[in-house]
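[1] here is my input, please return the structure:
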Amino acid sequence: MPQATATLAPPPTPVEGARRGSGSEFAPLLRTVKEAGLLERRTGWYARGITLNLLGLAAVITGMALIGGSWWVLLLAAPLAVMSSRTAFFGHDAGHAQISGDRRTGRIIQLIHANLLLGMSQEWWNDKHNRHHANPNHMDKDPDVAADILVFTQKQAKGRAGFRGWLTRHQAWLFFPLTTLEGIALKIYGFRAVFSKDAGARQSRGERAVEGLLLLAHVTAYATLLLTTMPLGHAVVFALLHQMLLGLHLGLAFAPNHKGMEMPDEESGERWGHLRRQVLTSRNIRGNPVTDWFLGGLNYQIEHHLFPSMPRPNLRPAQPLVRAHCRSLGVSYTETGLVDSYRQALSHMHEVGEPLRADA
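    Next up is the predicted model:
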């Protein structure tokens, strides 16, 4: 596993983690954060951000209508992908109750951003993402590290053959190319979840109907926009380029957060409390306001995992409090640069495939 470039102390052994990982480690930090007012909603900040994002989307759509007859319209796929990523970040924040403490209001905001504007099921996303937050990087409980196209441990890689084995041997090189499919994959997963036979087990019939209608509305509106502003050939290329850039942007935001960090499992006997479970499995990205904007605040992954409902603009001021608390406990707090975070993540994925490369 690659070493983090900025840690305050080595991670504890499983025995130490079990002995010291009690909830009391988190309580003093929670109290400090509450007293600093960092869990209070930032309604004005989100209202401005959402409004600016919608205006950006409107500007891009206007540009598509004006130059859709020319191949120059393809240049607008990039800013549309950036605005779509902002939309995904706002949907993510709404799902964590960062924007509003009212459950109904948060659901409406997320339905608009996820289902209507992105074509992604908010219920499917919430279920998957909440399981990730509950047990980040846990090999048996975190769906984000379940063995699929990519694998994240040599145990998962063992025995993979054929095309899957080839993918595992070369997954570090293939990772970012594969992320270009993420925008399309999110839509497929969402439609499959909403319209599957067992969807009713997670939602009421009315909630499922609303999700389904909004997903269909997204597809209809997206196709109508493309086909009314540009010729069919332009529309197909534009859609592919837009979805690929959207997937790449989301991949750039999510990839550095946990890849190559601690991966607890049931067999190891590790029993960490909330603080260690979230901090030791997460990596922060050192940055500035531009980095914060580009990554949607997810560069403060440690703070976000400790306080999922903390509004995005409060993550930065919370960081010194969390770092100091971890230092006082001797808990490793990992922070590195953006480029180095990708290096660490890809190095880990390369190491996972080493046994298969040796056998080949």
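[2] now do the end-to-end distance for stretch 136-156.
    Between the start and the finish of stretch 136-156 there is a gap of 17 Å, counting by CA to CA, to the nearest Å.
[3] okay, buried residues for it please.
    For stretch 136-156, the buried set under the neighbour-count rule, 16 or more other CB atoms under 10 Å, comprises 136-139, 141-142, 144-145, 150-153, 156. C-beta: built from backbone N, CA, C; applies to glycine.
[4] contacting residues around Lys296?
    Small correction: residue 296 is Gly, not Lys. With contact set as CB atoms under 8 Å, 6 or more residues apart in numbering, Gly296 has these partners: 85-86, 88-89, 92, 253, 312.
[5] pLDDT value on Arg208, please?
    Residue-level confidence at Arg208 comes out at 89, pLDDT.
[6] and it, what element?
    Secondary-structure assignment from DSSP states H and E places Arg208 in helix 205-229.
[7] hang on, the earlier thing: any chance of the contacts of Gly296 in CSV, plus distance to Ala209?
    Listed next are these as CSV, based on distance: CB to CB, whole Å:
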residue, distance to Ala209
Ser85, 28
Arg86, 28
Ala88, 23
Phe89, 27
His92, 24
Ala253, 31
Arg312, 31
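[8] okay, now the unreliable bits of the stretch 1-150 of the chain?
    When residues are selected by pLDDT under 70, those of the stretch 1-150 of the chain lie in 1-23.
[9] neighbours of the residue lying closest to Asn284 once chain neighbours are set aside, how many?
    By the measure of CB to CB, 6 or more residues apart in numbering, the closest residue to Asn284 outside its immediate chain neighbours is Glu335, 4.1 Å from it. Applying other CB atoms under 10 Å, we find 21 residues neighbouring Glu335.
[10] on that earlier part again, and the furthest pair within the contacts of Gly296?
    Every pair in the contacts of Gly296 was compared (CB to CB); the two farthest apart turn out to be Ser85 and Arg312, at 13.8 Å.
[11] need the residue closest to the centroid of this structure.
    Phe254 (4.4 Å; CA atoms, centre = their mean).
[12] quick one: that residue and Leu298 touch, right?
    Yes: taking contact to mean CB atoms under 8 Å, the distance of 6.9 Å between Phe254 and Leu298 places them in contact.
[13] for His234, which residues are in contact?
    The contact partners of His234, taken as CB under 8 Å, 6+ apart, are 68-69, 71, 73-74.
[14] I am finished for the moment; much appreciated.
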